[in-house]
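# pasting the structure only:
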């Protein structure tokens with residue numbers, strides 16, 4: 001059908017206050033972890049601080065046998081709303097704990113574990129931007145065994161997308177001391193608007209890279225569809 005009469009498009013969540021929830025990372029974390037079956041299978045380990053500080057601290061204590069590694073473990077801190085990586089920063093476990101101890105976590109912030117070491121392309125960290133169209137059909141609902149209401153929906157996944165690269169090469173942890181350089185190594189969003197160089201390719205380029213290096217692109221795409 002023709003959905004254009006009630007569809008909206010925006011370049012920034014701040015273009016339209018009615019769309020601000022689309023970039024609400026705190027809300028998204030809560031929805032995925034509490035309402036999506038199997039959400040932990042595809043969603044990064046994360047905690048809403050300071051509310052879930054005790055759970056975060058428990059994870060730190062579980063790794064006390066390797067205290068040095070845990071203290072330098074990297075997390076990404078994300079403010080509730082922001083685009084182009086604005087409002088995001090990289091922090092070690094020690095830095096996160098210090099922020100809490102010094103009462104700097106006055107507003108909710110999402111603290112997510114960074115996979116380390118990540119998969120690299122030509123020495124650079126990358127991310128995928130995949131486009132999804134979601135049409136809820138609220139008139140059809142089911143009530144599964146867990147008692148949570150499920151809304152029927154049509155979901156379309158575009159096979160066109162982007163591979164977005166960090167602007168600096170990913171190097172050994174001993175060299176990761178400068179905060180700006182850390183951002184350049186980890187942040188892959190070209191909308192940061194800070195003048196740093198960045199690049200991106202389409203998914204066809206990623207397919208070629210996978211094929212040349214013996215990786216199975218179809219398996220990766222199937223895992224995205226399942227998520």
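Sure, I can see it. Since we're looking at a predicted model, the values are computed, not measured. Numbering: from 1, shown residues only.
# ok, now which ones touch residue 121?
163, 165, 209 (C-beta atoms under 8 Å, 6 or more residues apart in numbering). No exception for glycine: its C-beta is placed from N, CA and C like everyone else's.
# May I ask which of those comes out lowest in pLDDT?
Least confident of those in the model: residue 165, at 91.
# And for it, the neighbour number?
20 (other C-beta atoms under 10 Å).
# swap in the one 3 residues further on?
By the other C-beta under 10 Å criterion, the neighbourhood of residue 168 contains 20 residues.
# Sheet partners, orientation included, of the helix or strand hosting residue 128?
For residue 128, the enclosing helix or strand under DSSP states H and E is strand 124-142. Its sheet considered, strand 124-142 pairs with strand 120-121 (antiparallel), strand 150-165 (antiparallel) by DSSP bridges.
# lowest-confidence stretch among those strands?
strand 150-165 (a mean of 86).
# List of residues touching the next helix or strand after that one?
From strand 150-165 onward toward the C-terminus, using DSSP H and E, the following helix or strand is helix 179-186. Outside of helix 179-186, the residues within contact range by C-beta under 8 Å, 6+ apart are 74, 76, 85, 89-90, 114, 125, 166-171, 176, 196.
# How about stretch 39-56?
If you take C-beta under 8 Å, 6+ apart as the criterion, stretch 39-56 is touched by 26, 29-30, 32-33, 36, 59, 96, 100, 105, 108-115, 223, 226-227.
# Thought residue 94 was touching residue 75, still the case?
No. Shown here, residue 75 and residue 94 do not form a contact pair, counting by C-beta atoms under 8 Å, at 10.6 Å.
# hang on, the earlier thing: how far off centre is the strand holding residue 128?
Counting by C-alpha atoms, centre = their mean, to the nearest Å, strand 124-142 is centred 14 Å from the centre of its parent chain.
# Just the buried positions in it, please.
124-127, 130 (16 or more other C-beta atoms under 10 Å).
# what's the closest of the residues you listed to residue 189?
Of all these, residue 189 sits closest to residue 127, with 7.8 Å by C-beta to C-beta.
# So the nearest residue to that closest one once chain neighbours are set aside, which state does it fall into?
Counting by C-beta to C-beta, 6 or more residues apart in numbering, residue 127 lies nearest to residue 188, which is 4.2 Å off, once chain neighbours are set aside. Under DSSP: H, G, I helix; E, B strand; the rest coil, residue 188 falls in the coil class.
# Residue 188 and residue 60: what is the separation?
Taking C-beta to C-beta, to the nearest Å as the measure, residue 188 falls 26 Å from residue 60.
# more neighbours, those two?
Neighbours per residue (other C-beta under 10 Å) separate residue 188 from residue 60, with residue 188 holding more: 22 against 16.
# pLDDT score for the more buried one?
For residue 188, the model assigns a pLDDT of 85.
# could you measure it against residue 132, distance?
Taken as C-beta to C-beta, the span from residue 188 to residue 132 is 19 Å.
# As TSV, the strands paired with strand 124-142 with distance to residue 214 would be great.
Listed next are those as TSV, based on distance: least, C-beta to C-beta, whole Å:
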stretch	distance to residue 214
strand 120-121	14
strand 150-165	18
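# Residue 201 - nearest residue in space that isn't next to it in sequence?
Nearest non-adjacent residue to residue 201 (C-beta to C-beta, 6+ apart): residue 163, at 4.7 Å.
# Many thanks, we can stop here.
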